[in-house]
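1. fold the following and give me the result.
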Amino acid sequence: MAMILEELEEQALHLSPEERAQLIHRLIVSLEGTPEDTPEAIAQAWDEEIARRVADIDAGRTQWIPAEEVFKEIDALIAARSR
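-> Numbers count the residues shown, from 1 in each chain. Model prediction:
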């Protein structure tokens, strides 16, 4: 199986950027299913979500957690699962 994947990767890397993008899209759809909305509608929804989150930050409704603390918690969770 690994050999087939290597051959597919080799062939895919010889595609044009547009062809690779189409291939990636098809593979993602094969895993996740067809999107429920258009790319434009999805982008609009993300823009609205970003605006909502920025407004929450500006209004002080969001609790900030330092990245170092988040990474420590993630490392601890990973270490606990490794045991």
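
2. in the chain, which residue is closest to the centre?
-> Centroid-nearest residue in the chain, with Cα atoms, centre = their mean: residue 28, separated by 11.0 Å.

3. any idea how far that one is from residue 49?
-> 20 Å (Cβ to Cβ, to the nearest Å). Quick note: C-beta positions are derived from backbone N, CA and C, even for glycine.

4. for the longest helix seen in the chain, which outside residues touch it?
-> When the chain is parsed with DSSP state H, its longest helix is helix 39-58. Residues outside helix 39-58 that contact it (Cβ atoms under 8 Å, 6 or more residues apart in numbering): 35, 37, 62.

5. all strands for this structure, in order.
-> Assigned strands in the chain: none (criterion: DSSP state E).

6. which residues of the chain score low on pLDDT?
-> 1 (pLDDT under 70).

7. in it, which spans are helices?
-> Counting by DSSP H, the helices of the chain are 2-12, 17-32, 39-58, 67-82.

8. report the angle between the third one and helix 17-32.
-> Counting by axes from the mean of the first three to the mean of the last three Cα atoms, to 10 degrees, helix 39-58 points 80 degrees away from the direction of helix 17-32.

9. which parts of this structure belong to which domain?
-> Here the domain assignment for the chain is 1-34, 37-83, based on automatic domain parsing.
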